[in-house]
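Undergrad: sharing a model that was predicted from the sequence below.
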Amino acid sequence: MSALVVVAGPPRAGVSAMVAALNRPASAYRFIEHPEPQDCPAAVLFVVSAVAPMTESDCALADLVAAQAPVTIPVLAKIDDHRDWRRVRDANLAAVRRWSVRLAGVPWVGAAAAPRLGSPQVDDVLAALDVALADPERHARAVRLAAQTRLGRLGEERDRLVRRRRQARLDEAAARRRDAQQARLALTHAARRRCAALRTELLHDAAAADRSALARFPARARHRCADVLAGVDADIAAHTRQLPSAGDPELDLGEPPTQPWRLERRLTAVLGAGFGLGVALVVTRFVAGLAPGLTAAALGAGAAVGLATTTWVVRARTLLHDRAVLAGWAGEVAAAVRAAAEERIGTGLLAAETAAVAETSADREIGRRIAAVEAELRQLTRPADPPAEVTGR
């Protein structure tokens, strides 16, 4: 595998031309100008132009570049265009001694990556690389620096991924809470409208029910309540993008109360008898006045009309009482349905939010990347196996 060498330098120093001239098909090195964060170069070529000596900023850049690799070779480019390049080289040596501790005393190499005449003059650069990287001490230092650089970059990558996952979870939690609040508001409003319509409908039916409808009223009320709760479940499923829940227990509405009303029955009977007696007297007198000889017939007619009036008053009062009982029960049923609907809304949204807390695909992908980085960190920080002892006789 080719050793990675980074070529760097100030603007207009000829870095790109140097990379193009050094990258040969059979070369033992791979030269790049823009390294990736995960790259660990074996050496760095710092290229400056021979047009003028290095400035203070160039020296600072050289010192910064030299810290990225164990081997740094200063290269003076464009020596074919400048006859006094040796004077510039000596000035660069003096400037580097003042501003860069890492490059102080390091010999410079002259090169011409894109000469006007002839082929590129980069053999001295390759020879300097061969000598520098062949040194065992430098090679060991290069390995250590590469490992340290890789550890640092892996640590930064892990911290970045952890921060990214934490921020993504916070953003997702905030979005879930916002969506849950909006859904709760919309669902509660719709459920209350349904329950208000149910209560109005049941009260109207109870007020208009005759004796044949009184017996059917509880069953019809339960059916309407089930329809309302089914509509609430459908709304919850539409907001949470889940199937309607089939595990909710059926709402127990009970039966209409049968409260004893003996005193009211007695009062109704007394009032009915009074109305009947009064009507009977009026009818008897009226008939007797029309036909004085038909007194017996007048008494019979008055008694029949009075009895009919008494029966009608008692039955009407009984019907009104039954309607009032059903109206009260209908109000309690509507309140129970509203409470059940709000409970189902809260339970459904909580279940949806709990299910959404599970890891998303993006979260799992970040988790896999963190696991891979941590595995490589453990591999790099694992101590090397001690050499086996050789025993002899």
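TA: Yes, it's here.
Undergrad: in terms of pLDDT, where does the spatially closest residue to A186 that is not a sequence neighbour sit?
TA: Sequence neighbours aside, H239 is the residue nearest to A186 in space, at 7.0 Å (criterion: CB to CB, 6 or more residues apart in numbering). Quick note: C-beta positions are derived from backbone N, CA and C, even for glycine. In the predicted model, H239 carries a pLDDT score of 76.
Undergrad: ok, S245 next?
TA: According to the model, S245 scores 54 on pLDDT.
Undergrad: same question for the one 4 residues further on.
TA: Model confidence at P249, expressed as pLDDT, equals 57.
Undergrad: mind listing what's buried along stretch 206-224?
TA: 206, 209, 214, 217-218, 221-222, 224 (16 or more other CB atoms under 10 Å).
Undergrad: of the residues you listed, which belong to helices?
TA: 206, 214, 217-218, 221-222, 224 (DSSP state H).
Undergrad: in CSV: those, plus pLDDT and distance to A43.
TA: What follows is those, written out as CSV (pLDDT from 0 to 100; distance: CB to CB, whole Å):
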residue, pLDDT, distance to A43
A206, 80, 94
L214, 75, 100
F217, 78, 94
P218, 81, 92
A221, 83, 88
R222, 84, 86
R224, 85, 84
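Undergrad: max pairwise distance over the residues you listed: which two?
TA: L214 and R224 (16.1 Å; CB to CB).
Undergrad: helix/strand/coil for R164?
TA: Classification of R164 using DSSP: H, G, I helix; E, B strand; the rest coil returns helix.
Undergrad: to what extent is it buried, counted in neighbours?
TA: Using other CB atoms under 10 Å, R164 has 14 neighbouring residues.
Undergrad: next one: it from D39, what distance?
TA: 22 Å (CB to CB, to the nearest Å).
Undergrad: with A140 instead?
TA: 20 Å.
Undergrad: who's more crowded, those two?
TA: D39 (15 against 11).
Undergrad: nearest residue to the more buried one other than its sequence neighbours?
TA: Nearest to D39 is L4, by CB to CB, 6+ apart, at 6.1 Å.
Undergrad: specify the beta-bridge partners of the one you found.
TA: R30 (DSSP bridges).
Undergrad: now do the same contact list for it.
TA: Applying CB atoms under 8 Å, 6 or more residues apart in numbering to L4 gives the contacts 29-30, 32, 35, 39-42.
Undergrad: surely the residue nearest to A186 is in a helix?
TA: Yes - counting by three-state DSSP, H239 is found in a helix.
Undergrad: show me where the stretch 51-200 of the chain has strands.
TA: 72-77, 109-110 (DSSP state E, counting those that start in this stretch).
Undergrad: residues touching the longest one, excluding its own?
TA: Outside of strand 72-77, the residues within contact range by CB under 8 Å, 6+ apart are 9, 13-14, 17-18, 43-50, 62, 65-66, 85, 88-89, 92, 96, 102-103, 106-113, 125, 128-129, 132.
Undergrad: ok, of those, which come out buried?
TA: 9, 13-14, 17-18, 43-50, 62, 65-66, 85, 88-89, 92, 96, 103, 106, 108-113, 125, 128-129, 132.
Undergrad: surely A17 and A113 touch.
TA: Yes - between A17 and A113 there is a contact at 4.0 Å, judged by CB atoms under 8 Å.
Undergrad: centroid residue for the chain?
TA: E172 (2.8 Å; CA atoms, centre = their mean).
Undergrad: measure that residue to H204 for me?
TA: 47 Å.
Undergrad: same check on H223?
TA: 16 Å.
Undergrad: for A52, same thing?
TA: A52 is 99 Å from H204, by CB to CB.
Undergrad: kindly report the same for R12.
TA: 90 Å.
Undergrad: got it, and A104?
TA: A104 is 100 Å from H204, by CB to CB.
Undergrad: quick one on the thing from earlier: got TSV for the ones in helices among the buried residues of stretch 206-224, with distance to T354 too?
TA: Below are these laid out as TSV (distance: CB to CB, whole Å):
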residue	distance to T354
A206	41
L214	46
F217	40
P218	37
A221	34
R222	32
R224	32
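Undergrad: so what are the domain limits for the chain?
TA: 3-134, 172-366 (automatic domain parsing).
Undergrad: any idea how far apart the tips of the longest one sit?
TA: In this case it means domain 172-366. Length of domain 172-366, first residue to last, CA to CA, to the nearest Å: 15 Å.
Undergrad: which SSE is immediately downstream of the lowest-mean-pLDDT helix or strand in the chain?
TA: Scoring the helices and strands of the chain by mean pLDDT, DSSP states H and E places helix 262-290 at the bottom, with a mean of 67. Following helix 262-290 in sequence order, the next helix or strand is helix 295-357 (DSSP states H and E).
Undergrad: nice, that's everything, thank you.
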